[in-house]
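In: Pasted the sequence and its predicted model underneath.
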There are 2 protein chains.
Amino acid sequence: MALEHAILVALLEQPASGYELARRFDRSIGRFWTATHQQIYRVLKRMEADGWVTAEQVGQEGRPDKRRWSAAPPGRAALAEWLHAPVQPEAVRHELAVKIRGAAFADPAGRAALVAEVERYRADHEAVLARYLAGERRDFPDPADPDARAALQHVVLRGGIAYERMVLAWLDDVLATLRDLDRPTP
Amino acid sequence: MALEHAILVALLEQPASGYELARRFDRSIGRFWTATHQQIYRVLKRMEADGWVTAEQVGQEGRPDKRRWSAAPPGRAALAEWLHAPVQPEAVRHELAVKIRGAAFADPAGRAALVAEVERYRADHEAVLARYLAGERRDFPDPADPDARAALQHVVLRGGIAYERMVLAWLDDVLATLRDLDRPTP
DNA sequence: TCCTGCTATGCAACGAGTTGCATAGGCAAG
DNA sequence: CTTGCCTATGCAACTCGTTGCATAGCAGGA
């Protein structure tokens, strides 16, 4: 289970409350590791019991108190150990690929609905790519990144950009293939 | 949950026993939808109760009997309905990306271990790509696919090929970045 | 001969992850 | 002024998915 480790990395990059972590997982981190606030609160509690993280109470005016979490030395040690462990092959769950193969057993109306859905899905990915590119211009304007942290965050972001570009090109291929199926043969 | 639908597509493409399904999920289908045999048996039972699939007992010489499952009309109807539903955004869980960002908080020895791990991971993906390309040459030698089913299977496979190529290029980028961190500055 | 591995199905227990709900004050729009 | 949204944390119940184990006959290698 790597949610613990994803949280450790996030807290080392910047201490945060559970709520803030959840929002960061919705934004940048969430692009390669998703988690709901429920999971994050539960795991933080377990990590606190294990001494991996420590909390500091922060009072705020006009809103509820929060607990700012930081990675503790045992957490850093656990992270270092985990970095040595083999990477598990990703468990792929690509719903769209299943639907595309399923379209072979649908009628033209069903395939038309799938085309519309793929177009919507494509627009989503186009928006994600635009967001990545804007983030890259904002956070990494200099091609030579100043420190290790920036260089590594940047290479992960480049991976996201490459992924989105690949998806967009593939979706064009998918749309052309789906449209060809119901085109009257000349 | 789309495991039901993935099984329906697999059974429409070719009726099979639970065991055979599990192996197909390990091979071709498993590249975009993973499932263990436990899950498959359990879900098949539920689908049978819902009337989505029917089983036919097949006796075999010298080995245990098996139950050959086929998609029933209610299953086909459920699949058609599902094709109209919006595609859920994929829940990404990319362990390697977490490790790469975590490498910012590791010492040079830890980063060296990660480099070795990335190289192993890269070799895995190179093997997957080779398997995809071999499968493409074997199953889709003709650029114009004969029927809808072949055309759609082919476009999904092309997606897998594009994904693996993108991953390999990105891993080269990752390796160069990681190696740069601990290179003595000139 | 024994050990390993393959086909074939399944139970039981556990851990991971989701969904719904609750609290509670503040802020902004209609 | 009321409805909805944002910050902030958390419980409870549920489903999904994994792991370990069991059965059982047969085939092949050490």
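Out: Ah, there it is. Numbering: from 1, shown residues only, chains lettered A, B, ... in the order given.

In: where's A:Leu152, which helix or strand?
Out: Per DSSP states H and E, A:Leu152 falls inside helix A:148-181.

In: Do a quick rundown of the helices in chain A.
Out: A:3-13, A:18-26, A:37-49, A:73-84, A:95-102, A:108-139, A:148-181 (DSSP state H).

In: buried ones in the helix holding A:Leu152?
Out: Within helix A:148-181, the residues that count as buried by 16 or more other CB atoms under 10 Å in any protein chain shown are A:148, A:151-167, A:170-171, A:174-175, A:177-178, A:181. For every residue, glycine as well, the C-beta is placed using N, CA and C.

In: Run through the residues of chain A sitting next to DNA strand D.
Out: Contact residues, chain A versus DNA strand D (CB under 7 Å from any atom of the strand): A:17-20, A:22-23, A:37-38, A:41-42, A:44-45, A:60, A:63-67, A:91, A:93.

In: Just give me the neighbour total for the closest residue to A:Leu152 other than its chain neighbours.
Out: Distances taken as CB to CB, 6 or more residues apart in numbering or on different chains place B:Ala104 nearest to A:Leu152, at 5.0 Å, with adjacent residues excluded. A count of neighbours around B:Ala104, defined by other CB atoms under 10 Å in any protein chain shown, yields 18.

In: show me what contacts B:Ala104?
Out: A:Leu12, A:Glu13, A:Ala148, A:Arg149, A:Leu152, A:Gln153 (CB atoms under 8 Å, 6 or more residues apart in numbering or on different chains).

In: So what's the predicted local confidence for the residue most central in space within chain A?
Out: Chain A has A:Arg31 as the residue nearest its centroid, 1.5 Å off, counting by CA atoms, centre = their mean. We have a pLDDT of 75 for A:Arg31.

In: got it, and the one 3 residues further on?
Out: pLDDT recorded at A:Thr34 is 86.

In: Now it, what are its backbone angles?
Out: Backbone torsions for A:Thr34, taken as degrees, to the nearest 10, come to phi -90, psi 150.

In: what about it, how many neighbours?
Out: For A:Thr34, the neighbour count with other CB under 10 Å is 17.

In: one step back: make JSON lines out of the helices of chain A and add mean pLDDT.
Out: Shown next, in JSON lines, are the helices of chain A (pLDDT from 0 to 100):
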{"stretch": "helix A:3-13", "mean pLDDT": "94"}
{"stretch": "helix A:18-26", "mean pLDDT": "91"}
{"stretch": "helix A:37-49", "mean pLDDT": "93"}
{"stretch": "helix A:73-84", "mean pLDDT": "94"}
{"stretch": "helix A:95-102", "mean pLDDT": "94"}
{"stretch": "helix A:108-139", "mean pLDDT": "93"}
{"stretch": "helix A:148-181", "mean pLDDT": "96"}
